[in-house]
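Student: missing the sequence, but the structure's below:
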């Protein structure tokens, strides 16, 4: 197929994954991004999705509750729709302990174990959906994500035109709160002098000029940034040639407020100066207090 005909195909994000992993949240966010969102339709209806001939991209949620759902049937329809759509399979999953906790909190029954414990349904569903996970272009682990985190990842992944090339997502984080599971490259800034131990700098962040001056004044900071730049200028074109739609670079320090924030800001600036499309966020600096996990109140509703 020619490049011109590929650009004419309607974009379709097929949202699948484990029940309780955030499918409904993902669909709502994609709808906010301009997608026409359709949730949990029978597989047979996939064949007629382009009847309206609209140019608006589609986001379709499919899970095991669909009355004619089978993994082979879905994979077959994905193959059949490929000439008409630019299909992007998105698979959401989470560790068993987090899915079990979400079912306990909502007191809902798992669709694959209505008369059994949630873990029994989770195990059955995970085994059933494994071929879909392997076929997905994008796999997101929502175990440690809030709804805000998931929305941020989806915005970074799907707001860009796929014809424009690879997007780069730069995030700072706190090692105390765990590595970002979506990270492709991780840089540890804990070797730098820590502004936390300077009384007047402690309440500030890496976005403040005084903190930035303190970190930039560390004799090892400039050589580090230069070395990371040289590495990225070699790696990024290779990732792009392999067809990567996006790449996540995570920069961490102990608290996620000073060294990682400043370094992420500087790294994003360098990337943009080089012509790369870089989205910047600070995971633990902007953490929303008390925000619920990505589990949804409507995820398991009949």
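Tutor: The structure has been received and is ready for your questions. Because the structure is a prediction, the values reported are computed rather than measured.

Student: check contacts around residue 167.
Tutor: By CB atoms under 8 Å, 6 or more residues apart in numbering, the contact list for residue 167 reads 156, 157, 160, 245, 246, 247, 277, 278, 279. (Glycine included, C-beta is placed from N, CA and C.)

Student: at 10 Å what do you get?
Tutor: Contacts for residue 167 were tallied using CB atoms under 10 Å, 6 or more residues apart in numbering; they are 156-161, 244-248, 276-279.

Student: Could you work out the most separated pair of the residues you listed?
Tutor: Largest separation among the contacts of residue 167 by CB to CB: 161 and 248, giving 18.9 Å.

Student: re the thing from before, filter the contacts of residue 167 down to the buried ones.
Tutor: Neighbour counting with 16 or more other CB atoms under 10 Å marks 156, 157, 158, 160, 246, 247, 248, 276, 277, 278, 279 as buried within the contacts of residue 167.

Student: got TSV for those residues, with pLDDT and distance to residue 10 too?
Tutor: Putting these into TSV (pLDDT from 0 to 100; distance: CB to CB, whole Å) gives the following:
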residue	pLDDT	distance to residue 10
156	74	22
157	78	18
158	80	14
160	60	17
246	78	21
247	88	26
248	90	27
276	92	27
277	86	23
278	89	28
279	86	25
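
Student: With secondary structure added, can I get these in JSON lines?
Tutor: Converted to JSON lines, those look like this (DSSP: H, G, I helix; E, B strand; the rest coil):
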{"residue": "156", "secondary structure": "helix"}
{"residue": "157", "secondary structure": "helix"}
{"residue": "158", "secondary structure": "helix"}
{"residue": "160", "secondary structure": "coil"}
{"residue": "246", "secondary structure": "strand"}
{"residue": "247", "secondary structure": "strand"}
{"residue": "248", "secondary structure": "strand"}
{"residue": "276", "secondary structure": "coil"}
{"residue": "277", "secondary structure": "strand"}
{"residue": "278", "secondary structure": "strand"}
{"residue": "279", "secondary structure": "strand"}
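
Student: Which single one of these is nearest to residue 40?
Tutor: Using CB to CB, residue 158 is the member of the buried ones among the contacts of residue 167 that sits closest to residue 40, with 19.8 Å.

Student: any idea how far residue 156 is from residue 90?
Tutor: Per CB to CB, to the nearest Å, residue 90 is found 13 Å from residue 156.
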